[in-house]
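Trainee: Let's see this in three dimensions:
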Amino acid sequence: MFNIERWQEIFEAISKNRLRTFLTGISVASGIFILVILLGAGKGLQNGIQKQFENDAVGIIEIWTNTTTKEYKGLNPGRQVQLRNSDYDLPVMKFGDQIDKKSATNITRGVIVTYGKESGNYQYRGVNPDYLDIENGTIIQGRFLNDNDLKNNEKVTAIGLKLKQDIFKEEDAIGKEISVNGINFKVIGVFTDPSGEREETRLYMPMTTIQRAYGGGDKITGMMFVLNKKADYDEALAQSKQFTNNVRELLKSKNIIAPDDDSAIGIYNSVQEAKQYYDLNLYIKLFFWWVGICTIIAGVVGVSNIMLIIVKERTKEIGIRKALGASPFSIISMILHESIFITTIAGFVGLLASLLLLEFVGPMVQSEYFRNPEVDFSVALTTLVLLVFAGALAGFFPAYRAAKIRPIVALRDE
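Mentor: Numbers count the residues shown, from 1 in each chain. Here you go, the predicted structure:
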């Protein structure tokens, strides 16, 4: 029930000690402020990480080769391992039921692309039809490569939007021919890539065509796979680890690489990398919670100390109340009300200030791994619950001490 006299007492006590109450409130408000800002920063890191993984298809496994580091079957270390079409066909044939998307790659940098009087230095990639989906790219004009292009060794290419703007300006590129290191290719598509302009300066061509046109034989520089999706993350992680281990062993065996030479075959597993990033993000979030709660505890200790002082100052008043028949519960309630009121108001100010800062300043702070720091409603609600609990905790021990005071002892207090 609302008791106006109780609230009058609380405001009177606060007005008598304005500076002390203000400094106590500052300690509580700063604790909530720091906690919410840290949680918002943690969310910003999580958003940034998620954005990075959205740039490509989920669950990419990329494979390339390096030089051997160990002698094996009479072959010296330092031998460059060369992948070929058969290296790509082997895992596709053996583990095809696990694979959703696949592509071999043949990357060449520093090629001269010419159209009319315009020219530039770019990168081309010989790929298979699934490649654009693996890169999460989008065709905005024309089409991407298909199986017929590979089967018939068609001299066609899909180009990135940035390259199209550089070479063709405002002119429509579809159906036009460009020279790539002296060989003409017809532009059949223009694509965009969420990773940005660097990827949009590439040309994608049929793997079979560039192997024949540029004398590459059956050589490839790497391969990429996306496995079938799993409903459970742990299951997907286990599947991807098993797949990478199996493919590594296949390639080692085929290319005469020592079983314990893990450096010769390079593998990037985005599922495993995602696990590491999210684990790191969890640890950061837990650390932020720990720092914020410790700051709140410091504020609560300050409130508790202030309430102890208040109880000491009002010992005689408490003794009179008890002598007139006040129950221990009413004494505890009186102290708790004041404690909860101070911490809740101060904490709400800190919460509001932190949310306003995140709302207006957060969108201005953008980087590759940090985006849109924010705090959702459930977190804000949790902090409010923490405030009420902190206020009750701060006032309980002083209130319990006040309730235990014997009236005769209190009336003797000076």
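Trainee: and stretch 139-154, which residues are buried?
Mentor: 141-142, 144-145, 149-150, 154 (16 or more other CB atoms under 10 Å). All C-beta atoms are positioned from the backbone trio N, CA, C, and that covers glycine.
Trainee: Of those, which belong to strands?
Mentor: Those of the buried residues of stretch 139-154 mapping onto strands are 141-142, per DSSP state E.
Trainee: and the buried residues of stretch 139-154, which two are the farthest apart?
Mentor: Comparing all pairs in the buried residues of stretch 139-154 by CB to CB, the longest separation belongs to Gln141 and Leu150, at 21.2 Å.
Trainee: quick one on the thing from earlier: could I get the buried residues of stretch 139-154 as a markdown table with distance to Thr114 and pLDDT?
Mentor: Listed next are those as a markdown table, based on distance: CB to CB, whole Å; pLDDT from 0 to 100:
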| residue | distance to Thr114 | pLDDT |
| --- | --- | --- |
| Gln141 | 20 | 95 |
| Gly142 | 20 | 95 |
| Phe144 | 23 | 97 |
| Leu145 | 21 | 96 |
| Asp149 | 22 | 95 |
| Leu150 | 25 | 95 |
| Glu154 | 20 | 95 |
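Trainee: Flag the shaky bits of the stretch 51-200 of the chain, pLDDT-wise.
Mentor: Along the stretch 51-200 of the chain, segments meeting pLDDT under 70 span 51-58.
Trainee: packing partners for the strand or helix carrying Glu249?
Mentor: Taking DSSP states H and E as the criterion, Glu249 maps to helix 233-254. For helix 233-254, the packing partners by 3 or more CB pairs under 8 Å, 6 or more residues apart in numbering; DSSP states H and E come out as strand 60-65, helix 85-94, strand 222-227, strand 265-269, helix 270-313.
Trainee: winner for burial among those?
Mentor: strand 222-227 (a mean of 23; mean count of other CB atoms under 10 Å).
Trainee: That strand vs strand 60-65, what angle?
Mentor: Strand 222-227 and strand 60-65 are oriented at 160 degrees to each other (axes from the mean of the first three to the mean of the last three CA atoms, to 10 degrees).
Trainee: For strand 222-227, give me every contacting residue.
Mentor: The contact list for strand 222-227 (CB atoms under 8 Å, 6 or more residues apart in numbering) reads 57-65, 83, 87-88, 91, 98-105, 107, 130-131, 133-134, 236, 239-240, 243.
Trainee: And stretch 102-110, by the same measure?
Mentor: 85, 88, 92, 121, 123-131, 134, 207, 210-211, 214, 216, 219-226.
Trainee: Just the CA trace of that stretch, in PDB.
Mentor: Only the C-alpha atoms of stretch 102-110 are listed here, as PDB (Å, rounded to 0.1, in the frame of the first residue of the first chain):
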ATOM      1  CA  LYS A 102      31.700 -27.200 -55.100                       C
ATOM      2  CA  SER A 103      34.200 -25.600 -57.400                       C
ATOM      3  CA  ALA A 104      37.800 -25.900 -58.400                       C
ATOM      4  CA  THR A 105      39.700 -22.600 -58.700                       C
ATOM      5  CA  ASN A 106      42.600 -21.400 -60.900                       C
ATOM      6  CA  ILE A 107      43.700 -17.900 -59.900                       C
ATOM      7  CA  THR A 108      45.900 -15.600 -62.000                       C
ATOM      8  CA  ARG A 109      46.600 -12.100 -60.800                       C
ATOM      9  CA  GLY A 110      48.000  -9.100 -62.700                       C
END
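Trainee: what comes up buried for it?
Mentor: Residues of stretch 102-110 classed as buried: 102-106, 108 (neighbour count, 16+ other CB under 10 Å).
Trainee: and of these, the nearest to Thr192?
Mentor: Minimum distance to Thr192 across the buried residues of stretch 102-110 is 18.5 Å, recorded for Ser103 (CB to CB).
Trainee: Pretty sure the closest one sits in a helix.
Mentor: No. The assignment for Ser103, made by DSSP: H, G, I helix; E, B strand; the rest coil, is strand rather than a helix.
Trainee: Could you pull up the contacting residues of the spatially closest residue to Thr209 that is not a sequence neighbour?
Mentor: Nearest non-adjacent residue to Thr209, counting by CB to CB, 6 or more residues apart in numbering: Asn153, 4.9 Å away. Residues in contact with Asn153 (CB under 8 Å, 6+ apart) are 206, 208-209, 212.
Trainee: Closest one of the buried residues of stretch 139-154 to Thr382?
Mentor: Phe144 (47.0 Å).
Trainee: Could you tell me the backbone phi and psi angles at the closest one?
Mentor: For Phe144, the backbone dihedrals (degrees, to the nearest 10) come out as phi -100, psi 180.
Trainee: Confirm for me that it is in contact with Pro129.
Mentor: Yes. With contact defined as CB atoms under 8 Å, Phe144 counts as touching Pro129 (6.7 Å).
Trainee: I believe Val388 is in a helix; please confirm or correct that.
Mentor: Yes. Counting by three-state DSSP, Val388 is found in a helix.
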